[in-house]
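*Asks:* return atomic coordinates for the entry below.
(chains A and B)
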Amino acid sequence: MYDFLYLALLAGLGVAIVAGPMGSLVVWQRMAYFGDTLAHGSLLGIALGMWLSWSNSLAVVIVCLLIAGVLIVFERQRLLATDTILGILSHGSLALGLVALTLIPGARTDMEALLFGDILTVTAVEVSVVWLMAVCVLLALWRLWPSLLAITVHEDLARVEGVRVDAVKAVLKLLLALVVAISMKVVGVLLITALLIIPAASARHFAKTPEQMALLASWWLCWLCAWASCIVVAQYPGRPLHCG
Amino acid sequence: MNNAETIKHEAGESMTALIELQGVGKSFANRAVLRAVNLSLMPGRIVTLIGPNGAGKTTLVKIVLGLLQPDSGRVQRSTQLRVGYMPQKLHIDPTLPLQVERFLQFANTDYVECLAALERVGIAHLIKQPVSGLSGGEMQRMLLARALLRKPNLLVLDEPVQGVDVTGQEALYQLIGELRDELNCGILMVSHDLHLVMAATDEVVCLNQHVCCHGTPQQVSVDPEFVALFGAKTALYAHHHDHEHDLHRGVVNSPASSSCNHDSPQHGSPQHGSLDKSSTSYESKEGSQSDV
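*Replies:* Residues are numbered from 1 along each chain as shown, chains lettered A, B, ... in the order given. Take a look at the predicted model:
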């Protein structure tokens, strides 16, 4: 009876456990604008998906990974400041995406679902994709965690101590692209950066170690998901619910 | 520079260099930052790199650390080289909660060793403190502890006393000297504070895109190229030595030689070099030390 709710809860929890550590890294490394850029770029991904008749999620993942790749390459060139590159990528891909959407015949997008996500309509397949992403990203973060912290503290010092700084930074960007692209269905373009930053920022106050901060941020998000589900159930006790 | 060469020669016989740079050059955007720099770092010797802003000190340090590749020249590293690096400045973003202990564990995860390193630099009581709350001197000591945890045979210290008050600076230089004796490691220091660092170093390399001069602090401080670069500051340093020389010679009561008021740089440096034969002529011209 509450099938849709279970799926929504599962999808929310999947995003929540990965958003804590990822969000903390975004805050420490000052990558918030990068999250926004990826979110804007996902519109281009949706247009691409429609044009090629691919699944939207796949196209969004590809575009986000591409944006991360372009950023990695351009940052190495050191010709422009990172936020300038991000600005070009962000608004460039947004404009391209909007134009492409109007050019594709018969393209109709649910803008609201794109902007705010539609967690109640996730399918079982989408939930498994979210969890697959979550597990992969968490495994990667777990392996790279000491290196990631070391470069957050001091890049040159980390490099002298044998951390492969450029590789670790590139992997972090790709992981973030993956998280943003796949969470988009659940939380939407507008809210994805908020989901990463706000829990981490508020956990900072209570945390004494980096790990505490990451876990606390995830814990709050999980708690929020569970709480929201309870409210929905309490509102409609024993009644079948249809969404959309 | 006879003396310096002898010292180098002796050192070269007894042990091999930890790292040796030969004719190293580096340019950024077609502007040469370093030209034909030779540098060799030996175990148990403190080498201090001095030079004005833009002299290429940081670039040279980065080449020694292997963070930058030189455009020309050769860098030879000993196979046993283990570098402990103390960066110039550590800015930890306040959004990152980090305790001293956790900071040290990036270099070595063993708690006992971390504590021992902190004890050695005299801040063991701070092990549970957040890094962002440390004072300038405590921060430098923590960075030094992290460098030590790598069990280095070469310590590279980029402006190790930055942001530390004068008494703290002296203590820190003393600590660095002690560590050199204990670990018998080579030390490469970067500094622009000539006054204190001169006392704490075996060899000074004066850099201004190329090596202007090198040698013991006494030799370098009278080198014309050095004087041209650091005129005013040399006077300060020389003044310090002047005083001792004067006392030694018993000429302090001579009004001209109580050189505290020698504020012109040209005045100070030759004065300092009064041990050197070349500068005697200066002194006689001044006529302040007629008893020489």
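
*Asks:* from the middle of its chain, how far away would the host helix or strand of A:Ala140 be?
*Replies:* For A:Ala140, the element it lies in under DSSP states H and E is helix A:124-153. Here helix A:124-153 is found 11 Å from its chain centre; the criterion is C-alpha atoms, centre = their mean, to the nearest Å.

*Asks:* flag every residue of the stretch 1-150 of chain B that's near chain A.
*Replies:* Listed as neighbours of chain A in the stretch 1-150 of chain B under the rule C-beta under 8 Å from any C-beta of the partner chain: B:62, B:65-67, B:83, B:85, B:87, B:90, B:92-93, B:95-99, B:102-103, B:106-107, B:130, B:146, B:150. Heads up, the C-betas are built off the backbone N, CA and C, glycines and all.

*Asks:* count the residues that sit near A:Ala11.
*Replies:* 28 (other C-beta atoms under 10 Å in any protein chain shown).

*Asks:* hmm, it is touching A:Ser128, no?
*Replies:* No - the criterion here is C-beta atoms under 8 Å, and A:Ala11 misses it with A:Ser128 at 9.7 Å.

*Asks:* neighbours of B:Asn30, how many?
*Replies:* Neighbours of B:Asn30 (other C-beta under 10 Å): 5.

*Asks:* what's stretch B:46-56 in contact with?
*Replies:* For stretch B:46-56, contacts defined as C-beta atoms under 8 Å, 6 or more residues apart in numbering or on different chains pick out B:26, B:33-34, B:37, B:39, B:41, B:57, B:60-61, B:176-177, B:180, B:186-192, B:194, B:197-198, B:200-209, B:212, B:229-230.

*Asks:* sorry, slip of the keys, the one I care about is stretch B:174-188.
*Replies:* Stretch B:174-188 has contacts (C-beta under 8 Å, 6+ apart) with B:18-19, B:41-47, B:49, B:61, B:64, B:84, B:120-122, B:141, B:144, B:148, B:152-157, B:160, B:189, B:200.

*Asks:* please flag which of those sit within helices.
*Replies:* Among those, the members found in helices (DSSP state H) are B:61, B:64, B:120, B:141, B:144, B:148.

*Asks:* which residues touch the fifth one?
*Replies:* With contact taken as C-beta under 8 Å, 6+ apart, B:Leu144 is in contact with B:86, B:121, B:157, B:160, B:172, B:175-176, B:179.

*Asks:* returning to what we had before: so which other helices or strands are in contact with the helix holding A:Ala140?
*Replies:* Under the contact criterion of 3 or more C-beta pairs under 8 Å, 6 or more residues apart in numbering or on different chains; DSSP states H and E, helix A:124-153 touches helix A:3-28, helix A:155-160, helix A:165-187.

*Asks:* looking at those helices, spot the one closest to A:Ala47.
*Replies:* Distance to A:Ala47, taken as C-beta to C-beta, is lowest for helix A:165-187 among the helices and strands packed on helix A:124-153, at 13.9 Å.

*Asks:* return the set of buried residues in the following helix or strand past the closest one.
*Replies:* Next along the chain after helix A:165-187, taking DSSP H and E as the criterion, comes helix A:192-204. For helix A:192-204, burial by neighbour count (16 or more other C-beta atoms under 10 Å in any protein chain shown) applies to A:192-193, A:195-201, A:203-204.

*Asks:* how about the helices in the stretch 151-292 of chain B?
*Replies:* B:166-183, B:194-197, B:217-221, B:224-249, B:265-272, B:280-286 (DSSP state H, counting those that start in this stretch).

*Asks:* returning to what we had before: out of the buried residues of helix A:192-204, which is nearest to A:Leu48?
*Replies:* A:Ile192 (18.6 Å).

*Asks:* now do that closest one against B:Val112, distance only.
*Replies:* With the distance defined as C-beta to C-beta, to the nearest Å, A:Ile192 ends up 44 Å from B:Val112.

*Asks:* again with A:Cys136
*Replies:* 36 Å.

*Asks:* comparing these two, which residue is more hemmed in?
*Replies:* Between A:Cys136 and B:Val112, A:Cys136 has the larger neighbour count (other C-beta under 10 Å), namely 13 against 8.

*Asks:* residue contacts, that one?
*Replies:* A:Cys136 makes contact with A:Leu178, according to C-beta under 8 Å, 6+ apart.

*Asks:* any chance of CSV for the helices and strands packed on helix A:124-153, columns distance to B:Val164 and mean pLDDT?
*Replies:* Shown next, in CSV, are the helices and strands packed on helix A:124-153 (distance: least, C-beta to C-beta, whole Å; pLDDT from 0 to 100):
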stretch, distance to B:Val164, mean pLDDT
helix A:3-28, 27, 92
helix A:155-160, 19, 91
helix A:165-187, 28, 92
